[in-house]
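>>> can you look at this prediction? I've put the sequence above it.
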Amino acid sequence: MNHPLHAQASGASMRTVNIQKLIDESRFNGFHRSILAWCFLVLVLDGYDLGVVGAALPSIMKEMGVTATTAGFMASSALFGMMLGAMFFGALADKLGRRKMLALCIGLFSVFTAAAGLTHEPVSFSVTRFIAGLGIGGVLPIAAAQMGEFSPASIRARLVALVFAGYAVGGVLVAVIGKQLIADYGWQSTFFVAALPLLLIPFMLKALPESVPFLVQRGRNEDLRRIAARVAPHQAIEPDAQFLVAAVDRQSKAPVLALFRDRRGFSTLMIWIAFFFGLFMVYALSSWLTKLLALAGYSLGSALNFVLIFNTGAIFGALGGAWLGDKFNIKTVLTCLYGLGAVSLAALGFIKSDALLSVVVFIVGASTLGTQLVAYAFAAAFYPASIRSTGVGFASGVGRAGGILAPIIIGAIVALELPLEQNFLAIGLAGLLGMIAVALVNHRLAASAAPQTAAAAT
């Protein structure tokens, strides 16, 4: 029997189309490739904007004459902005459209990261980084939701994680060009580079489609027809076909409250806790790994090489974890990755060999930043399309509290001049707690696992 929103007309044409079902069952093609490329590029730029502070932090501390504790607060200013930006722009994107919110976020982080390079003292630096953080945080849930919505269901986790691998590529970009730019032109130059993405906004707006529930709610049938033609180019569709989505995917008037409906409340809280500890690990390392390795006796150049290895490991961890998540149970894969992060971080402070340290830093990258990138795919799969930006946005936003606290807490620990291994043990504890939180999520309630109930069009 045909799905009521996917009814067949004579021959192969269709009068009533469940467009989300059409997307879920589609085969990867140029349309998906275009969305993937743009979302990936946006996350590369986003990752650069966040990672630039970690690379420049030793030079900033020296030039501004600030303590480790003050530097921790400076690094956390962007993270506080990211917390608010992820929640605010994530929810707003589900209500007002993802494309315009994505463009606004790119504009914010490009302009104000560049502006941070013009500052000369901690307060103005922190203010500009806070505003940039609003845009950096807003981009994450919107990009995850965009790729998650338009991905074929069979490879959704891989594509979302591949998008978020761009985040790590941005970190690699910082490590590759940061050392030379700082040496030749000062730390400010690495911030000025961040203004370049402004040139890409008009092209991105033209290339990316709008959210399907958003278009259905507003009856924009022609836009939906164009999307359907690109998603399934060989599928004939009646000229008068109406495009609908299942009830679970219909746009919600109160997307935040919907996160706690249909027995999702406890699992939503556990996802928030997992993001809290995952982002604690990520931002503790992004802000302090260079400095901690410098304390261990490595030069700035050598420390940035380890940052490069860390981010390369993150790319492999994200893609490998997502591939396993599509093949097996993504919850189990994510639980194991959090555990591996805890173990590898605990080992990091005890390594004395440079070669072995490179291997362990690679594993740490795969199981901390790589784990968090898989966590975004996990959250995107858990929530239905109608609240996906909101769900990922609030998980990311609440999790930012961990990111905000991490540079401050690790900065305070560094200031205590404790043995190096205790710094890494403190970060590793977050991995253990994140593993427990993921294990408690009821994955049977995930949108990717639950049958979707059809509803009549309004």
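Happy to help now that I have it. Remember, it's a predicted structure, so these values are computed and weren't measured experimentally. Residues are numbered from 1 along each chain as shown.

>>> please count neighbours and contacts with C-alpha atoms only from this point.
Noted.

>>> right, and the helix or strand after the helix or strand bottoming out on mean pLDDT in the chain?
Lowest on mean pLDDT, DSSP states H and E among the helices and strands of the chain sits strand 242-244, with a mean of 72. Using DSSP states H and E, the helix or strand that follows strand 242-244 towards the C-terminus is helix 255-258.

>>> packing partners of that next one?
Here helix 255-258 touches helix 68-96, helix 388-415, going by 3 or more C-alpha pairs under 8 Å, 6 or more residues apart in numbering; DSSP states H and E.

>>> any chance of those helices in a markdown table, plus distance to Thr290?
As requested, the helices and strands packed on helix 255-258 are arranged in a markdown table below (distance: least, C-alpha to C-alpha, whole Å):
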| stretch | distance to Thr290 |
| --- | --- |
| helix 68-96 | 13 |
| helix 388-415 | 12 |
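
>>> where does the stretch 101-250 of the chain dip in pLDDT?
Within the stretch 101-250 of the chain, the ranges that satisfy pLDDT under 70 run 244-250.

>>> where does Ala455 land on pLDDT?
Looking at Ala455, its pLDDT is 37.

>>> sorry, wrong one. I was asking about Leu300.
Looking at Leu300, its pLDDT is 63.

>>> on that earlier part again, so which of the helices and strands packed on helix 255-258 gets nearest Leu173?
Nearest of the helices and strands packed on helix 255-258 to Leu173, taken as C-alpha to C-alpha: helix 68-96 at 18.8 Å.

>>> now render the helices and strands packed on helix 255-258 as TSV, adding mean pLDDT and distance to Trp323.
Formatted as TSV, the helices and strands packed on helix 255-258 follow (pLDDT from 0 to 100; distance: least, C-alpha to C-alpha, whole Å):
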stretch	mean pLDDT	distance to Trp323
helix 68-96	82	26
helix 388-415	82	20
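
>>> tell me, what residue is most central in this structure?
A centroid search over the chain (C-alpha atoms, centre = their mean) returns Leu140, at 4.3 Å, as the residue closest to the centre.

>>> check which helices and strands the lengthiest helix in the chain is in contact with.
Identified as the longest helix of the chain according to DSSP state H is helix 30-64. Secondary-structure packing of helix 30-64 (3+ C-alpha pairs under 8 Å, 6+ apart): helix 68-96, helix 98-116, helix 122-150, helix 156-185, helix 188-192, helix 201-207, helix 221-231, helix 265-295.

>>> where does pLDDT dip in the stretch 251-400 of the chain?
Applying pLDDT under 70 to the stretch 251-400 of the chain flags the ranges 251-255, 296-301.

>>> which ones are touching Ile315?
Counting by C-alpha atoms under 8 Å, 6 or more residues apart in numbering, Ile315 makes contact with Ala165, Gly166, Ala168, Val169, Ala366, Gly370.

>>> please work out how many residues are found near Leu84.
As a burial measure, Leu84 scores 24 neighbours (other C-alpha atoms under 10 Å).

>>> distance of it relative to Val374?
Distance, Leu84 to Val374, using C-alpha to C-alpha, to the nearest Å: 22 Å.

>>> so which strand or helix has Ala426?
helix 420-439.

>>> and that helix, what's buried?
For helix 420-439, a neighbour-count test (16 or more other C-alpha atoms under 10 Å) marks 420-439 as buried.

>>> stretch 125-145 now?
Buried residues in stretch 125-145, counted by 16+ other C-alpha under 10 Å: 125-145.

>>> chain center to that stretch, what's the gap?
In terms of C-alpha atoms, centre = their mean, to the nearest Å, the centre of stretch 125-145 is set 11 Å apart from its chain centre.

>>> CA atoms only for it, dumped as CSV, please.
Output in CSV follows, covering the C-alpha atoms of stretch 125-145 (Å, rounded to 0.1, in the frame of the first residue of the first chain):
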residue,chain,number,x,y,z
PHE,A,125,39.3,41.9,22.4
SER,A,126,36.8,40.0,24.5
VAL,A,127,33.8,42.1,23.3
THR,A,128,34.6,41.6,19.6
ARG,A,129,35.2,37.9,20.2
PHE,A,130,31.9,37.6,22.0
ILE,A,131,30.0,39.1,19.0
ALA,A,132,32.0,36.9,16.6
GLY,A,133,31.0,33.9,18.8
LEU,A,134,27.3,34.6,18.2
GLY,A,135,27.9,33.9,14.5
ILE,A,136,30.3,31.0,15.1
GLY,A,137,27.8,29.3,17.4
GLY,A,138,24.8,30.0,15.1
VAL,A,139,26.5,28.4,12.0
LEU,A,140,26.9,25.0,13.7
PRO,A,141,23.3,23.9,14.2
ILE,A,142,22.1,25.4,11.0
ALA,A,143,24.8,23.6,8.9
ALA,A,144,24.1,20.3,10.7
ALA,A,145,20.3,20.6,10.2
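
>>> mind listing what Gly402 touches?
Neighbours of Gly402 in contact, by C-alpha under 8 Å, 6+ apart: Phe275, Phe276, Phe277, Gly278, Leu279, Phe280.

>>> hmm, try it at 7 Å
Going by C-alpha atoms under 7 Å, 6 or more residues apart in numbering, Gly402 touches Phe276, Phe277, Leu279, Phe280.

>>> same deal with Asp46?
Contacts for Asp46 (C-alpha under 7 Å, 6+ apart) come out as Ile136, Tyr167, Gly170.

>>> could you do Phe192 as well?
Ala114, Gly117.

>>> do you know how far it is from Gly72?
Remark: distance between Phe192 and Gly72 (C-alpha to C-alpha) = 22 Å.

>>> also Ala446?
37 Å.

>>> so between those two, which is more surrounded?
Each of Ala446 and Gly72 has its neighbours counted (other C-alpha under 10 Å); Gly72 has more, 24 against 19.

>>> I'd guessed the more buried one sits against Ile404; true?
No. Using C-alpha atoms under 7 Å, Gly72 is not in contact with Ile404; the gap is 9.1 Å.
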